[in-house]
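Chemist: Sequence plus the predicted model coming up.
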Amino acid sequence: MFKLSDIPVDSGAVIRIPAAGQRAMVEAYRSSREEPVIAKLAATVLLLRESTEAPSGFETFMMKRAKTMKFVPDAVVFPGGSVRVDDDGEIAWAGPTPEMWAKRLGVDASVARSIVVAAARELFEECGVLLASRDGESPIETVTDAEFWLNARRTLEAHELSFSELLSSCGLELRSDFLHARSRWTTPEYQPRRYDTFFFAARLPQGQTAHLMTSEATLSDWVDPQWVLEEGDAGRLHVVPPTAYNLKSCVSAGSLDALMEQEPPIDRVMFRPVGEGDEMRLECVLP
């Protein structure tokens, strides 16, 4: 029996999961001989904080997606979303350059910039955590003017403002050094909605708090990563395999400090259907 808590994280390991619920979709895709839907670029952030109460020694901020969402409804996920066109605009920047990120992520500099900006923007939009500062100083404390920042989040979510425009108006620069790339997962080719998602980790900046504000999710909380895996195994939470893998890789690091020092490979990972009929399963090889 497949268990999320047993998911491997070592390089070269193979993840195998049952495909019973996907069988009809896989067979329909195979018989259609159509080209797969192009995967949209996306970014998501494992927001982390130390915790003496959590067995793992740290917690991550997670949200439960609304049941009305067309992609992984009711699943517990990290803050994140699709890359927007305006994520590629000029933006005040501190930390590793887009060219450095391009090398790390395996994409060109323009795409790398969009991905990093999307990660920071989505984190701010959905939970109010802002990875930015003035002239390389400590991260800004968004709690000092709560109403202003709530309005900023609303205008960002409504696409009435770009992230670069927000930072510029506040005299802030994006702190790309606060983000740490963890993995890259692409939705299987047979799915009608596909995303090419880059997973990042970030510490909760001192002086900031996380609180949910998005129409895409209904609940949020700080949780122990191991607890999420166990609740998923018990059937009390819907945890998709890429989320489970990233949770397990965090737990395997041993501590938050050790996790932030890691530089795992960011090669694309994608499940592929293997076998036929009742023997069908989904497999992927970890980089």
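Modeler: Thanks, I have the structure now.
Chemist: Just checking: what are the partner strands of the lowest-mean-pLDDT helix or strand in the chain?
Modeler: Every helix and strand of the chain was ranked by mean pLDDT, DSSP states H and E. The lowest is strand 217-223, at a mean of 79. According to DSSP bridges, strand 217-223 forms sheet pairs with strand 58-65 (antiparallel).
Chemist: Show me how far the partner strand is from its chain's centre.
Modeler: In terms of Cα atoms, centre = their mean, to the nearest Å, the centre of strand 58-65 is found 11 Å from the chain centre.
Chemist: So for that strand, mean pLDDT?
Modeler: Averaged over strand 58-65, pLDDT sits at 91.
Chemist: and that strand, which residues are buried?
Modeler: Buried residues in strand 58-65, counted by 16 or more other Cβ atoms under 10 Å: Phe58, Glu59, Thr60, Phe61, Met62, Met63, Lys64, Arg65. Just so you know, the C-beta spots here come from the backbone N, C-alpha and C atoms, and that holds for glycine as well.
Chemist: which residues are in contact with the next helix or strand after that strand?
Modeler: As assigned by DSSP states H and E, the chain's next helix or strand after strand 58-65 is strand 76-77. Here strand 76-77 makes contact (Cβ atoms under 8 Å, 6 or more residues apart in numbering) with 44, 62-65, 217, 228, 232, 237-240, 243.
Chemist: same thing but 7 Å
Modeler: Applying Cβ atoms under 7 Å, 6 or more residues apart in numbering, the external contacts of strand 76-77 come out as Met62, Met63, Lys64, Arg65, Val228, Leu237, His238, Val239, Thr243.
Chemist: quick one, what contacts Ser51?
Modeler: By Cβ under 7 Å, 6+ apart, the contact list for Ser51 reads Gly57, Phe58, Glu59.
Chemist: tally of neighbours for the closest residue to Leu237 other than its chain neighbours?
Modeler: Excluding its sequence neighbours, the residue lying closest to Leu237 (Cβ to Cβ, 6 or more residues apart in numbering) is Glu231, at 4.2 Å. For Glu231, the neighbour count with other Cβ atoms under 10 Å is 18.
Chemist: from the contacts of strand 76-77, which two are the most distant?
Modeler: Spatially, the most separated pair among the contacts of strand 76-77 is Arg65 and Val228, at 14.0 Å (Cβ to Cβ).
Chemist: Need the overlap of contacts for those two.
Modeler: Counting by Cβ under 7 Å, 6+ apart, nothing touches both Arg65 and Val228.
Chemist: Any chance you could give me the top helix by length along the chain in PDB, C-alpha atoms only?
Modeler: Taking DSSP state H as the criterion, the chain has its longest helix at helix 109-127. Provided in PDB are the C-alpha atoms of helix 109-127 (Å, rounded to 0.1, in the frame of the first residue of the first chain):
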ATOM      1  CA  ALA A 109      17.500  34.700 -17.300                       C
ATOM      2  CA  SER A 110      14.200  36.300 -18.300                       C
ATOM      3  CA  VAL A 111      12.200  33.200 -17.300                       C
ATOM      4  CA  ALA A 112      14.200  32.900 -14.100                       C
ATOM      5  CA  ARG A 113      13.400  36.400 -13.100                       C
ATOM      6  CA  SER A 114       9.700  35.800 -13.800                       C
ATOM      7  CA  ILE A 115       9.700  32.700 -11.700                       C
ATOM      8  CA  VAL A 116      11.500  34.300  -8.700                       C
ATOM      9  CA  VAL A 117       9.200  37.300  -8.900                       C
ATOM     10  CA  ALA A 118       6.100  35.100  -9.100                       C
ATOM     11  CA  ALA A 119       7.300  33.200  -6.000                       C
ATOM     12  CA  ALA A 120       7.700  36.400  -4.000                       C
ATOM     13  CA  ARG A 121       4.500  37.900  -5.300                       C
ATOM     14  CA  GLU A 122       2.300  34.900  -4.700                       C
ATOM     15  CA  LEU A 123       3.700  34.600  -1.200                       C
ATOM     16  CA  PHE A 124       2.800  38.200  -0.400                       C
ATOM     17  CA  GLU A 125      -0.600  38.000  -2.200                       C
ATOM     18  CA  GLU A 126      -1.800  34.800  -0.400                       C
ATOM     19  CA  CYS A 127      -0.300  35.100   3.100                       C
END
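Chemist: Give me the residues contacting the helix or strand just after it.
Modeler: Per DSSP H and E, the first helix or strand lying C-terminal to helix 109-127 is strand 132-133. Residues outside strand 132-133 that contact it (Cβ under 7 Å, 6+ apart): Ala94, Pro139, Ile140, Leu167, Leu172, Glu173, Leu174, Arg175.
Chemist: mind redoing it with 10 Å?
Modeler: Residues outside strand 132-133 that contact it (Cβ atoms under 10 Å, 6 or more residues apart in numbering): 91-92, 94-95, 120, 124, 139-140, 142, 163, 166-167, 170-175, 178, 205.
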